[in-house]
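In: Make a model of this:
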Amino acid sequence: MFQDVNGDGIDGDSTKAIFVAVTGNDTYTGTKQKPVKTIEKGIQLAALAGKDVYVSMGTYILTAPLRIVSGVSLYGEFNCTAGWSRSATNTTIISGVQTAVYADSLNLDTHIEGFEIDAASAINAGESSYAVRINSGSAATILRFNTLKPGAGANGTIGNNGTAGASATSGSAGGLGSCDGSTPGAGGVGGTSPCGQNGGAGGVGGSEGANAGANGTSGVGGAAGGVGGAGGNPGSQGGTGVAGSAGANGTNGTVAPSFGTITSAGLYIPSSGGNGIAGTNGNGGGGAGGGGGQGCTLCDNGSGNGGGGGGGGGCAGTVGTGGLSGGCSFGVLVNNAIAVIDRNKIMTGAGGTGAKGGNGGLGGVGGAGAAGGNTCTGEIGAGGYGGAGGNGGAAGSGAGGAGGASVGIYIAGTSTVQADTNYFTLGNGGASGFGGTNAILGNAPAGQTVTSVILHGTTTKIPVITPGICIKDITIPEPWAGPVNAVFTVCLSSPAQQTITVHYTTTNATAIAGSDYTTTTGILTFTTDQIMKQIQVPVLVNHNHSSNIYFTMNLSTPVNATITDGSGTCTILHSPAGINDNPGTPDAYQLMQNTPNPCSSETEISFTLPQAKQVTLQVYSLSGQLMATLVNEKRDAGWQHVKFNTSDLSSGIYLYRLTTDDVVLFKKLSVIK
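Out: Below is the predicted model of the structure:
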């Protein structure tokens with residue numbers, strides 16, 4: 001996964017990490033010898049120090065989502081009891097809540113590698129479980145070599161049932177007229193409706209004499225009243241009121257979408273089945289017309305009977321609401337973010353069950369129309385019958401919720417996700433909920449059954465940055481007693497995102513292969529995340545030169561990279577005193593360039609003294625901080641060689657200084673981790 005590049009005996013760089021072990025203590029400093037106990041504390045310390053977090057095998061139980069900090073990478077699979085060695089058999093478990101790991105608004109690439117990440121099953125209705133949730137940010141969250149185990153999604157909630165519409169009252173009967181008197185029958189009162197669709201009133205009977213009865217009034221909603229009967233001998237019956245029309249029935253809810261929506265925080269909100277659509281209220285019936293009065297020459301005149309009242313209209317039922325869809329089980333959910341998801345095992349739980357939709361309410365019954373007055377109909381007109389009120393419309397039932405999905409990788413919003421070579425074992429999608437029902441409109445649609453989904457959304461091949469390759473010039477003293485390796489350093493301008501190869505070969509200049517050095521050819525291979533390689537060329541003993549000589553190392557045929565500096569020169573410094581002997585004395589002070597340079601774990605610094613001297617050789621940061629004292633003693637005249645272990649230095653440029661009582665010499669060295 002990454003390399004032990006600095007020789008500290010562990011996979012990674014111990015100088016750039018905070019260490020975590022289940023046997024640690026959060027009051028410790030997070031070194032290999034004194035690791036902290038929790039990953040949360042490790043992240044906190046690493047963020048302050050600009051380091052990563054190395055986690056030893058064991059189970060780390062969380063009480064809240066583990067929040068990732070930008071630029072603080074997490075690496076598991078270490079073993080603190082075996083010198084912090086690293087192996088895929090060192091199972092490192094993050095046992096989390098519904099969202100086990102949460103990365104939000106990262107602006108530096110951040111790795112999470114070598115963990116089993118377990119999320120708890122969702123509890124509240126419609127909620128989901130996420131092993132890793134990645135939201136927003138301008139840099140990549142990089143998931144590699146993990147086992148992701150989200151829990152199950154929660155079931156949805158049942159939709160609410162509607163209620164039946166209220167029924168209306170019937171109209172009242174018309175009053176009785178007077179056979180030989182002057183008091184006409186009163187019109188009946190219209191029935192009342194809780195939703196305001198009252199029936200019309202009956203008309204008053206015609207007054208004494210040949211007078212027509214009054215017309216009934218219209219019911220609310222437009223049903224006309226009956227016409228009053230004509231006066232005469234006998235008077236005529238009043239007209240019947242028009243029945244109120246029934247309310248229209250509603251419609252059942254529509255099918256819930258398979259997937260819901262994502263909030264700005266990257267949380268999944270499940271869909272719901274569509275609510276039923278309401279019907280309309282029934283209309284009130286029209287009141288009946290009053291009967292006509294009697295009028296004649298040889299009789300006693302009479303007053304007509306009153307018309308009956310119309311019935312009130314029934315009210316519409318209320319709707320059933322849709323059932324909530326089940327929650328999901330997400331291995332990784334990425335929303336408006338950048339992610340690289342590579343070589344993980346993703347083992348999702350089951351989706352939650354979609355809930356049943358609510359039943360729609362039936363419409364209320366309309367009131368009956370009442371009869372008119374009915375006395376002395378041989379002389380005076382009878383009142384008409386009031387119109388019945390219309391029944392209310394039935395309301396639609398809610399549709400069922402969809403089953404929750406079991407999703408390996410869910411990509412939402414404007415995310416850029418590269419997903420390569422992952423392995424999936426997916427749980428079952430949740431069962432769908434039934435639709436609500438009533439006797440008028442039947443069953444509303446059931447929710448959709450969602451199957452397991454490896455990938456929801458579209459992956460994008462993240463553009464690969466093509467690094468430049470360069471090789472550094474080097475200088476070494478002429479060997480005296482035996483071959484010495486000249487070490488060329490080949491660097492990439494940025495870490496490899498894919499396998500990079502480049503050919504190399506030595507070329508003669510004033511130094512000749514076979515007599516001054518050994519021909520060296522081959523192919524360098526940079527794997528993912530590597531940035532530096534070295535090439536060793538044996539330099540041979542040859543004292544037949546009177547000045548410096550050199551040869552070159554040349555790069556060619558790069559794959560997935562470009563060559564920015566493809567020729568490195570090795571200068572072999574002539575001296576009668578070689579590296580392993582001192583038959584002569586140098587005639588000047590010289591401070592040589594360290595080799596290799598750049599270096600990662602160790603380098604060698606050489607210098608010459610024309611006479612025995614008290615010498616100090618020290619290394620400083622560019623800000624002037626003393627980092628190491630390599631020599632502080634009297635040295636004999638001749639060539640001097642000092643090994644320097646750079647494992648405690650961070651990547652960067654440093655100065656090394658040679659000081660005697662009559663000279664101060666400086667050079668720069670570069671450390672790359």
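In: pLDDT weak spots in the stretch 351-500 of the chain?
Out: 460-465, 481, 497 (pLDDT under 70).
In: no wait, the chain
Out: The model of the chain has pLDDT under 70 over residues 1-13, 460-465, 481, 497, 529, 575-585, 673.
In: Kindly state the domain boundaries assigned to it.
Out: The record's domain parsing of the chain by automatic domain parsing lists 14-156+325-355+404-456, 464-580, 585-673.
In: Please identify the most buried of those.
Out: Among these, domain 14-156+325-355+404-456 has the highest mean neighbour count (mean count of other C-beta atoms under 10 Å), at a mean of 22. C-beta here means a position set from N, CA and C on the backbone, and glycine is covered the same way.
In: re earlier: could I get the domains of the chain in JSON lines, plus columns for distance to residue 283?
Out: As requested, those are arranged in JSON lines below (distance: least, C-beta to C-beta, whole Å):
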{"stretch": "domain 14-156+325-355+404-456", "distance to residue 283": "18"}
{"stretch": "domain 464-580", "distance to residue 283": "72"}
{"stretch": "domain 585-673", "distance to residue 283": "85"}
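In: so which of the ones you listed comes closest to residue 189?
Out: When those are compared by C-beta to C-beta, domain 14-156+325-355+404-456 sits nearest residue 189, at 30.6 Å.
In: contacting residues around stretch 524-538?
Out: The contact list for stretch 524-538 (C-beta atoms under 8 Å, 6 or more residues apart in numbering) reads 2-3, 5, 483-492, 494-502, 504, 506, 517-518, 520, 522, 553, 561, 570, 596, 598, 600, 672.
In: Out of the residues you listed, name the ones that lie in strands.
Out: Counting by DSSP state E, the part of these found in strands is 484-492, 500-502, 504, 506, 522, 553, 570.
In: and residue 354, what is it in contact with?
Out: Going by C-beta under 8 Å, 6+ apart, the list of residues near residue 354 reads 155-156, 256, 273, 323-326, 400-404, 430-433, 447.
In: With residue 58 instead?
Out: Contacts of residue 58 were listed using C-beta under 8 Å, 6+ apart, and they are 21-22, 92-93.
In: can you redo those residues as JSON lines with secondary structure and distance to residue 188?
Out: Shown next, in JSON lines, are those (DSSP: H, G, I helix; E, B strand; the rest coil; distance: C-beta to C-beta, whole Å):
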{"residue": "21", "secondary structure": "coil", "distance to residue 188": "91"}
{"residue": "22", "secondary structure": "coil", "distance to residue 188": "88"}
{"residue": "92", "secondary structure": "strand", "distance to residue 188": "86"}
{"residue": "93", "secondary structure": "strand", "distance to residue 188": "81"}
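In: Farthest pair within those residues?
Out: With C-beta to C-beta as the measure, no two of the contacts of residue 58 lie farther apart than 21 and 93, at 13.3 Å.
In: show me where the stretch 451-600 of the chain has helices.
Out: Assigned helices in the stretch 451-600 of the chain: none (criterion: DSSP state H, counting those that start in this stretch).
In: Restrict stretch 59-70 to CA atoms and write it as CSV.
Out: The C-alpha atoms that make up stretch 59-70 are tabulated as CSV, following Å, rounded to 0.1, in the frame of the first residue of the first chain:
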residue,chain,number,x,y,z
THR,A,59,-11.8,-2.6,17.6
TYR,A,60,-12.4,1.1,18.1
ILE,A,61,-16.0,1.8,19.2
LEU,A,62,-17.4,5.2,18.3
THR,A,63,-20.3,7.1,20.0
ALA,A,64,-20.5,9.6,17.2
PRO,A,65,-19.5,9.7,13.5
LEU,A,66,-15.8,9.8,13.0
ARG,A,67,-15.1,13.1,11.4
ILE,A,68,-12.2,13.2,9.0
VAL,A,69,-10.0,16.3,9.0
SER,A,70,-8.6,17.6,5.7
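In: Now for residue 332: which residues touch it?
Out: 130-134, 143, 148, 339, 341, 346, 408-410.
In: where along the stretch 151-300 of the chain do the strands fall?
Out: When secondary structure is read from DSSP state E, counting those that start in this stretch, the stretch 151-300 of the chain shows strands at 261-262, 268-269.
In: which of those is buried the deepest?
Out: Among the strands of the stretch 151-300 of the chain, strand 268-269 has the highest mean neighbour count (mean count of other C-beta under 10 Å), at a mean of 22.
In: Can you list the strands that the helix or strand following that one pairs with?
Out: Proceeding N to C from strand 268-269, the next assigned helix or strand is strand 329-335, under DSSP states H and E. As defined by DSSP bridges, the strand partners of strand 329-335 come to strand 129-137 (parallel), strand 406-412 (parallel).
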